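Novice: below are the sequence and a predicted model for it; my questions follow.
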Amino acid sequence: MTTVHDRLRVRRPLPRTSVPDTVRVAATALAPTIARGVLARRPAAVALAERFDADRRAGRLLRRLRTRYGSGPLRLRVPGRSLALVLSATDVERALTGTPTPFSAAAWEKQAALGQFEPNGVLASTGPERADRRRFNEDVLDTPETVHDLAESFATVVEEEAAILLGRVARTGGLAWPEFRIVWWRVIRRVVLGDAARDDSEVSDMLTRLRMHANWGPAWPRRDALRRRFRTRVQSYLDAAEPGSLAAAAARAPVTDRTDPADQMPQWLFAFEPAGMAAFRALGLLATHPEQAERAHAEAAEDGLDLPYLRACVQEAVRLWPTTLVLLRESTTETEWEDGVLPAGTGLIMLTPFLQRDEERLPYADVFTPRIWLDGTAQANWSLMPFSGGPAECPGRNLVLLVTSLFLARLLRSHEYRQAAGRSLAPDRPLPRTQSPFRLRLRARPWSATTSPWTSFAGP
Ligand code: HEM
């Protein structure tokens with residue numbers, strides 16, 4: 001039974017940061033996150049963040065604040081907006097499993113940004129529209145299945161495009177993000193829109209421009225003409241419904257007048273780009289970690305669509321360097337927490353680079369440890385949520401892991417890699433908290449199971 005004392009204790013508002021601490025959070029944790037681009041990365045800002053070790057500094061500050069103010073959520077002193085930082089795995093679990101009520105996924109900031117190019121996307125939707133669009137997304141993306149219904153067709157796409165990339169690797173002896181990105185976007189367009197879209201780089205460019213614009217959130221006027229052109233193009237691929245593509249699956253899936261399939265597709269296209277970054281970073285990790293590389297090569301050599309170790313490597317790459325830097329929720333009612341209450345309408349901010357590298361609580365914080373995704377460790381810890389969790393968890397998770405693991409397998413089957421440039425990655429040193437894929441470069445040489453001990457690599 002709760003006593004009067006308990007009720008008084010619980011109804012106290014949660015602690016709020018002082019003005020100087022709020023300024024520190026804004027300057028050290030929030031500004032570098034926003035500057036890098038929440039919806040599309042700005043390479044110059046990523047380079048700056050890497051140079052100044054932005055995520056390590058932010059982590060240090062947030063741990064200090066957790067010691068000073070308690071485990072949170074920690075309210076920030078921001079005029080005109082109630083905002084709180086989530087600092088513990090327990091509170092992450094509460095916010096993510098409590099979606100959409102009392103924690104809506106359609107926070108105001110998110111709606112403002114996504115409204116620029118997918119106003120009816122599930123991520124920015126609420127109520128019955130959200131339920132309907134979520135069901136549609138899960139149908140098309142085959143959410144619960146590790147191996148998507150169209151996996152054979154995606155594997156062919158990966159095989160063909162990776163072979164072209166490897167042709168280039170053979171000529172130059174190296175691999176960097178610009179050429180990886182071009183090939184990856186062809187994979188994305190073929191998987192999502194169909195083979196006819198393979199060389200339609202204009203559709204990707206239109207979307208990149210809209211995302212760059214949306215990075216500014218409500219501060220920028222909408223680019224309605226560009227959005228209309230982009231949507232018409234996407235709709236044309238949806239109408240064509242090329243067999244073997246997500247467009248075909250979307251054309252087959254049941255819809256209602258709430259679904260708006262063409263507004264769900266931009267998310268599929270744009271979310272696949274960071275998946276390429278994660279795959280490229282995973283290759284960088286394998287290029288520098290012999291033990292894990294050996295296991296990855298062995299799995300790649302087998303024929304198959306389900307590649308658990310490579311999937312774990314990609315998940316570990318997004319844990320170490322999350323591609324979704326911040327998860328947002330908005331409380332729909334007043335909520336009670338261990339140390340006090342939060343008012344309705346509070347924006348809850350979960351900074352993934354901090355939570356997934358919380359060195360006070362995660363013994364493997366700065367170490368490449370794919371094992372945690374295979375033995376249940378990661379699934380049991382709500383601090384690790386590169387694909388979010390609960391009812392709004394990324395419905396594309398399995399699909400992303402399928403396509404990236406197939407792509408990595410193809411690259412590893414015939415070649416091995418070493419790091420040639422970018423922040424140095426090594427098994428005997430803590431991994432950098434910020435790592436720009438734009439500066440990462442790898443050397444490559446042909447590989448077969450019977451040759452090439454790790455130490456004898458003599459690249460070009
Ligand atoms: C590395 C790649 C990806 C990562 C790390 C990722 C991560 C995430 C995260 C963290 C969220 C949830 C945000 C929140 O809780 O507020 C999310 C939502 C979503 N993702 Fe992904 N995603 C990736 C790729 C994809 C792909 C390729 C697709 C589709 C083909 C996709 C489809 C979606 C959709 C539709 C949502 C909205 C779900 C909802 O609001 O119910 N994602 N993703």
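Specialist: Received it, and whenever you're ready, just let me know what you need. Numbers count the residues shown, from 1 in each chain.
Novice: and stretch 150-161, how far from the chain's centre?
Specialist: Taking CA atoms, centre = their mean, to the nearest Å, one finds stretch 150-161 lying 22 Å from the centre of the chain it belongs to.
Novice: buried ones in it, by neighbour count?
Specialist: Applying a neighbour-count criterion of 16 or more other CB atoms under 10 Å, the buried positions in stretch 150-161 are 150, 151, 153, 154, 155, 157, 158, 161. From N, CA and C alone the C-beta is placed, and that goes for glycine too.
Novice: just the pLDDT at the third one, thanks.
Specialist: Residue 153 is assigned a predicted lDDT (pLDDT) of 98.
Novice: for the residue in the stretch 301-450 of the chain that the ligand sits nearest to, give me its contacts.
Specialist: Each residue of the stretch 301-450 of the chain has a distance to the ligand, by CB to the nearest ligand atom, and the smallest belongs to residue 396, at 2.5 Å. The contact partners of residue 396, taken as CB atoms under 8 Å, 6 or more residues apart in numbering, are 137, 141, 143, 268, 271, 272.
Novice: change it to 6 Å
Specialist: Contact criterion CB atoms under 6 Å, 6 or more residues apart in numbering gives residue 141 as the residues in contact with residue 396.
Novice: which phi and psi does it have?
Specialist: Summarising the backbone geometry of residue 396 under the convention degrees, to the nearest 10, its torsions are phi -100, psi 0.
Novice: do you know how far it is from residue 366?
Specialist: 28 Å (CB to CB, to the nearest Å).
Novice: where do the helices sit along the stretch 251-400 of the chain?
Specialist: Taking DSSP state H, counting those that start in this stretch as the test, the helices found in the stretch 251-400 of the chain are 261-286, 290-301, 308-320, 352-355, 397-414.
Novice: now tabulate those helices in TSV and tack on mean neighbour count.
Specialist: What follows is the helices of the stretch 251-400 of the chain, written out as TSV (neighbours: other CB atoms under 10 Å):
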stretch	mean neighbour count
helix 261-286	23
helix 290-301	17
helix 308-320	25
helix 352-355	25
helix 397-414	24
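Novice: residue 22 is in contact with residue 76, isn't it?
Specialist: Yes. Using CB atoms under 6 Å, residue 22 and residue 76 qualify as a contacting pair, with a distance of 5.0 Å.
Novice: the more surrounded of those two?
Specialist: residue 76 (21 against 18; other CB atoms under 10 Å).
Novice: distance of the more buried one from residue 31?
Specialist: Following CB to CB, the distance that separates residue 76 from residue 31 is 13 Å.
Novice: just the element for residue 430, please.
Specialist: In this structure, residue 430 is located outside every helix and strand according to DSSP states H and E.
Novice: residue contacts, the closest residue to the ligand within the stretch 51-200 of the chain?
Specialist: Distances from the stretch 51-200 of the chain to the ligand, computed as CB to the nearest ligand atom, single out residue 123 as the nearest residue at 4.0 Å. Listed by CB under 6 Å, 6+ apart, the contact set of residue 123 reads residue 114.
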